[in-house]
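K.L.:
here's a sequence, model it:
(one chain, ligands or ions: 2)
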Amino acid sequence: MYICPCCGEKLKQSDNSYTCRNRHSFDISSKGYVNLLLTKGRNPAKAGDDPAMIRARSDFLDTGLYSPLADKLAGVLSKSLAGVKDPVIIDSGCGEGYYTVRLAGALPGTRLFGIDISKSGIAHAASRKKALRADNLEFAVASSFSLPFRKGSADGVVSVFAPVSNDEYARVLKLGGKLIVVSPTERHLFGLKALLYDEPYENKPNRYSLRSFELIGVERLEYTAELTTDKQVRDLFAMTPYYYKTSPEAAQRLEGCAPLSTEIGFLIQTYARRL
Ligand SMILES: C[S@@+](CC[C@H](N)C(=O)[O-])C[C@H]1O[C@@H](n2cnc3c(N)ncnc32)[C@H](O)[C@@H]1O
Ligand SMILES: [Zn+2]
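P.N.:
Ligands and ions are numbered 1, 2, ... in the order given. Below you'll find the predicted structure:
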């Protein structure tokens, strides 16, 4: 399924590595993932979410407060891919693999590939896979803008709060394949923002220029989450963009604020690859 990031030829797995016909070789790490990110011109240690963000997101997601989104995604995917035999799904920008692993469990007839540019994210995702002993999913370090998959090899691409690439998703999806993009609604995390900012604002809808796709479905998943401990509040804060944008004085307002109620809102958009 993977292609070589150097020359685009098929990668074949043998023992603990993937190799192409041009003898480019990529080791499978002891944790069980492969690094297919070309590092020329960039510092891989600084790519994507850092280990502290990955830990915070992982601890937060493990509380189950976003579990309704995992269930919803599984439902949307299984409806979108109804009738497709042994579908292949790519979770692009999968982070530490929470949703990828949940999807692999909920959709046993599918093959899932999670990719993320963050090495620590993928290392964590691989440990989730090991714990689950799931054999229908693989993880690789790679960029959403240079996916290590053949043209027309996937039936579905999922992007949850992650960068979106029209050209790469159009390339790897089969004609009629489905792209599911999850983004925040206007009121997502409003309770958290009301604590941080004197004048909290609503989120503006994300705009994607997905010219190779047709929007075929929009769903909203909205509920209120009760954060019971300061750690949950801190972890949630650390996995948002506000973490970087908020002054230390404002961030201090989160200390001792639990229990905290906050609105949660996910917009789930389904697109079909245009014929
Ligand atoms: C907000 S997180 C969402 C992670 C995961 N989908 C989730 O919802 O838990 C965004 C993710 O996109 C990843 N990312 C950023 N730029 C990327 C790129 N060019 N290619 C692949 N992943 C990227 C980050 O490393 C991070 O894990
Ligand atoms: Zn090669």
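K.L.:
going forward, measure contacts and count neighbours with C-alpha atoms only.
P.N.:
Noted.
K.L.:
so the most centrally placed residue in the chain versus Lys174, what's the distance?
P.N.:
Geometric centre of the chain, nearest residue: Cys94, 2.6 Å, by Cα atoms, centre = their mean. Distance of Cys94 to Lys174, given as Cα to Cα, to the nearest Å: 21 Å.
K.L.:
and Phe113, what helix or strand is that in?
P.N.:
Assigned by DSSP states H and E, Phe113 belongs to strand 111-116.
K.L.:
so for whichever helix or strand comes after that strand, what's the average pLDDT?
P.N.:
Sequence order places helix 119-132 as the next helix or strand after strand 111-116, per DSSP H and E. Helix 119-132 shows a mean pLDDT of 94.
K.L.:
from the contact counts, what lies against helix 119-132?
P.N.:
Applying 3 or more Cα pairs under 8 Å, 6 or more residues apart in numbering; DSSP states H and E, one finds that helix 119-132 makes contact with helix 51-61, helix 98-106, strand 137-141.
K.L.:
need the contact partners of the second one.
P.N.:
Right, the one you point to is helix 98-106. For helix 98-106, the surrounding residues in contact (Cα atoms under 8 Å, 6 or more residues apart in numbering) are 58, 61, 70, 73-74, 91, 94, 110-114, 125, 128-129, 134, 136-137.
K.L.:
briefly note if stretch 201-211 comes near ligand 1.
P.N.:
No: Stretch 201-211 does not reach ligand 1 (Cα under 6 Å from any ligand atom); its nearest approach is 13.3 Å.
K.L.:
residues making contact with that stretch?
P.N.:
Taking Cα under 8 Å, 6+ apart as the rule, stretch 201-211 contacts Val164, Ser165, Asn166, Ser183, Pro184, Thr185, Glu186, Arg187, His188, Phe190, Lys193.
K.L.:
could I get these in a markdown table, plus columns for secondary structure?
P.N.:
A markdown table is the format used below for the contacts of stretch 201-211 (DSSP: H, G, I helix; E, B strand; the rest coil):
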| residue | secondary structure |
| --- | --- |
| Val164 | coil |
| Ser165 | coil |
| Asn166 | helix |
| Ser183 | strand |
| Pro184 | strand |
| Thr185 | coil |
| Glu186 | coil |
| Arg187 | coil |
| His188 | coil |
| Phe190 | helix |
| Lys193 | helix |
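K.L.:
any of these buried? List them.
P.N.:
Val164, Ser165, Asn166, Ser183, Pro184, Thr185, Glu186, Arg187, His188, Phe190, Lys193 (16 or more other Cα atoms under 10 Å).
K.L.:
out of those, what pair is the most spread apart?
P.N.:
Farthest-apart pair in the buried ones among the contacts of stretch 201-211 is Asn166 and Lys193; separation 30.9 Å (Cα to Cα).
K.L.:
list the contacts of the residue in the stretch 101-250 of the chain that ligand 2 sits nearest to.
P.N.:
Using Cα to the ion, the single residue of the stretch 101-250 of the chain nearest to ligand 2 is Pro148, 11.1 Å away. Listed by Cα under 8 Å, 6+ apart, the contact set of Pro148 reads Tyr2, Ile3, Cys4, Pro5, Gly8, Leu36, Ala142.
K.L.:
burial of the fifth one, as a residue count?
P.N.:
Right, the one you point to is Gly8. Using other Cα atoms under 10 Å, Gly8 has 14 other residues around it.
K.L.:
and what of the second one?
P.N.:
Other residues within reach of Ile3, judged by other Cα under 10 Å, total 20.
K.L.:
is it in a bridge, and if so with what?
P.N.:
On the basis of DSSP bridges, Ile3 is bridged to Lys10.
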